[in-house]
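**Student:** Okay, predicted coordinates and the sequence, questions at the end:
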Amino acid sequence: MRTIGLIFLCGLTCATLEKSPHIVFIIADDLVIMAAEPWGLSLTEKILPEYLKDLGYKNHIVGKWHLGHYMRNYTPTYRGFESHLGYWTGHQDYFDHTAVEWPDWGLDMRRNLEPAWDLHGKYSTDLFTEEAVRIINNHNQSDPLFLYLAHAAVHSANPYNPLPAPDQEVAKFLHIKDYKRRRFAAMLSKLDDSVGAVVSALKKQSMLQDTVIVFTTDNGGPAAGFNDNFASNFPLRGVKNTYWEVSRELMDITDWLPTLLTVAGGNNSILPTAIDGIDMWESLNNKGPSPRRVVVHNIDDIYGAAAITVDDWKLVKGTTYRGTWDDWYGSSSWDILYNTTEVIESSAGSAVTDLGLPLTLNLIINLREESRVQCGKKNTTLAKCRPLVKPCLFNIRSDPCEFNNLAEADNEMLVNLMDVLNKVNKTAVPPRKVDSDPRSKPSLWDHTWTNFGDYTS
């Protein structure tokens, strides 16, 4: 798994941050852990908040966990966090805070270990924003803070209301003709408000100048109705849980552990030698080249699919969903008027400007232009990519939209990447996924998803 879009808010960081910075990590929402499955992230693995706790950090999580909950030892407050307001499973309804995993249904909103029935009817994005702001306002600044804010937005919710948003927010986007894209926009707008509120809270507490903020998504967008959602990856190829979305600047999600440990003033020598992550702080802080040459997107024996990128070259072998979601979806929105004044006057924009880092019209336009993906031309003389038949090869530097399969044109490079993939695959460990446990059913536990293993083992 990899980060596809990385946006560092207030990334111009002074040297004092390396001594005792605050860290705010915001995620905007596989064979994932299902709610009824009795397993989770291995308890033998030491994770980021546990390392940060050793460095004196106060750690808080708000929002999504999704790393296992069938026993309390797998839940956030037993994995290095002091508090958690949020949910344990992979999704929830934004108003009633239940999670449907057919055929079961139950509440999934917690204050630490306790069900939060009283929050029924309150919009999740607002709840999580309010909790994040509360944590910032109440934080004792003699200690460094790690705040992990993992929003439900813009993940789809339960099937009966997959794109939940307040009516007054949806009404702001009546100019969007597609009803489902309109609701998606409303969900995203509330997420924008949340980022602004968090940045403003940090500024009001005089913490912003000593804070590193990471804002990232956890996967590519579920477009065109995938998972009942209507995101857009245009002009890139594919959707969530496919291997098509690409990033031309190589960084892997495993890199966050050593990178943020460095930001926190820790020493990466304390990390296990076998970790895959690379410390990216020097590269990010000084806008230098990425030290990473290889990204293993995934090796999935269930689908019989794998993808790997080495420098500018990407290999795709097999695919998910029998290729059903391997197309290009959506259309360009670059011709739509972009209101730079609203960006400059937004909560986050104003806070950054007050730090002496003013946002200007030219800066915003340049940043947007740098983010624009230039697809390049399609070469119709090349063999079509059919990854279920044979591996495909792309140069993602010149062809980020993965139009042109170069497998036959550059067989030597194809063989080289296959060799790298095979070497990596030899280090793979068996999947830990297990079958659902009927004892997990919410109907047995006051209609809540709970840590049933503590009461049934």
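**Tutor:** Cool, the structure landed. Residues are numbered from 1 along each chain as shown.
**Student:** what's around R322, how many residues?
**Tutor:** Using other C-beta atoms under 10 Å, the number of residues around R322 comes to 10. The C-beta positions use only the backbone N, C-alpha and C, and glycine is treated the same way.
**Student:** Leaving out sequence neighbours, find the closest residue to it.
**Tutor:** L388 (7.0 Å; C-beta to C-beta, 6 or more residues apart in numbering).
**Student:** so who does the one you found touch?
**Tutor:** For L388, the contact set (C-beta atoms under 8 Å, 6 or more residues apart in numbering) comprises 318-319, 322-323.
**Student:** which phi and psi does K317 have?
**Tutor:** phi -120, psi 110 (degrees, to the nearest 10).
**Student:** tell me, how many neighbours does the nearest residue to it once chain neighbours are set aside end up with?
**Tutor:** The shortest distance from K317 to any non-neighbouring residue, by C-beta to C-beta, 6+ apart, is to P391 (4.3 Å). When counting by other C-beta under 10 Å, one arrives at 20 neighbours for P391.
**Student:** you'd agree P391 is up against T319?
**Tutor:** No. The pair P391 / T319 is not scored as a contact, 10.7 Å apart, by C-beta atoms under 8 Å.
**Student:** for this protein, longest helix please?
**Tutor:** Criterion DSSP state H: the longest helix present in the chain is helix 179-204.
**Student:** before we move on, the earlier item: for the residue nearest to R322, give me phi and psi.
**Tutor:** Per-residue torsions, L388: phi -80, psi -20 (degrees, to the nearest 10).
**Student:** Same check on F128?
**Tutor:** phi -70, psi -30.
**Student:** I'd assumed L85 was in contact with it.
**Tutor:** Yes. F128 lies in contact with L85 (C-beta under 8 Å); the separation is 7.2 Å.
**Student:** Find the residues that touch each one of those two.
**Tutor:** Counting by C-beta under 8 Å, 6+ apart, the shared contacts of F128 and L85 are 62-63.
**Student:** Find the residue closest to G376 in space, skipping its chain neighbours.
**Tutor:** D399 (5.1 Å).
**Student:** brain fart, G277
**Tutor:** T254 (3.9 Å).
**Student:** Over to A231?
**Tutor:** Nearest residue to A231, sequence neighbours excluded (C-beta to C-beta, 6+ apart): G221, at 3.0 Å.
**Student:** Can you tell me the number of residues neighbouring that neighbour?
**Tutor:** Neighbour count for G221, taken as other C-beta under 10 Å: 24.
**Student:** what about it, helix or strand, and which?
**Tutor:** G221 belongs to no helix or strand when assigned by DSSP states H and E.
**Student:** Distance of it relative to V424?
**Tutor:** Separation of G221 from V424 (C-beta to C-beta, to the nearest Å): 27 Å.
**Student:** Please apply the same query to L145.
**Tutor:** L145 sits 36 Å away from V424, going by C-beta to C-beta.
**Student:** try P387
**Tutor:** 18 Å.
**Student:** Strands along the stretch 51-200 of the chain, start to end?
**Tutor:** In the stretch 51-200 of the chain, the strands defined using DSSP state E, counting those that start in this stretch lie at 58-64, 83-87, 98-101, 104-107, 110-111, 114-115, 145-151.
**Student:** Check the residue located most distally from the centre of the chain and give its pLDDT.
**Tutor:** Ranked by distance from the centre of the chain (C-alpha atoms, centre = their mean), the top residue is T381, with 37.0 Å. On the pLDDT scale, T381 is placed at 96.
**Student:** sec struct for the residue lying closest to E408 once chain neighbours are set aside, please.
**Tutor:** Counting by C-beta to C-beta, 6+ apart, A383 is the residue found nearest to E408 once chain neighbours are left out, at 5.2 Å. Secondary structure for A383, judged by DSSP: H, G, I helix; E, B strand; the rest coil, is coil.
**Student:** could we number from 27 for the rest of this?
**Tutor:** With the count now opening at 27, the last piece we talked about shows up as A409.
**Student:** Now the closest residue in space to P315 that isn't next to it in sequence: which helix or strand?
**Tutor:** Closest residue to P315 apart from its sequence neighbours, by C-beta to C-beta, 6+ apart: S309 at 6.5 Å. S309 belongs to helix 307-311 when assigned by DSSP H and E.
**Student:** Please name every helix or strand in contact with that helix.
**Tutor:** helix 282-289 (3 or more C-beta pairs under 8 Å, 6 or more residues apart in numbering; DSSP states H and E).
**Student:** Next, the angle strand 171-177 makes with the helix it packs on.
**Tutor:** Angle, helix 282-289 to strand 171-177, by axes from the mean of the first three to the mean of the last three C-alpha atoms, to 10 degrees: 150 degrees.
**Student:** one step back: so F154 and L111 - more neighbours on which side?
**Tutor:** Neighbours per residue, other C-beta under 10 Å: of F154 and L111, the larger number sits with F154, 25 against 22.
**Student:** Format the strands of the stretch 77-226 of the chain as CSV; extra columns: mean pLDDT.
**Tutor:** CSV is the format used below for these (pLDDT from 0 to 100):
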stretch, mean pLDDT
strand 84-90, 97
strand 109-113, 99
strand 124-127, 97
strand 130-133, 98
strand 136-137, 98
strand 140-141, 98
strand 171-177, 96
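**Student:** Now the ones you listed in JSON lines, please, with extra columns for distance to S462.
**Tutor:** Output for these, formatted as JSON lines (distance: least, C-beta to C-beta, whole Å):
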{"stretch": "strand 84-90", "distance to S462": "20"}
{"stretch": "strand 109-113", "distance to S462": "18"}
{"stretch": "strand 124-127", "distance to S462": "9"}
{"stretch": "strand 130-133", "distance to S462": "9"}
{"stretch": "strand 136-137", "distance to S462": "21"}
{"stretch": "strand 140-141", "distance to S462": "21"}
{"stretch": "strand 171-177", "distance to S462": "24"}
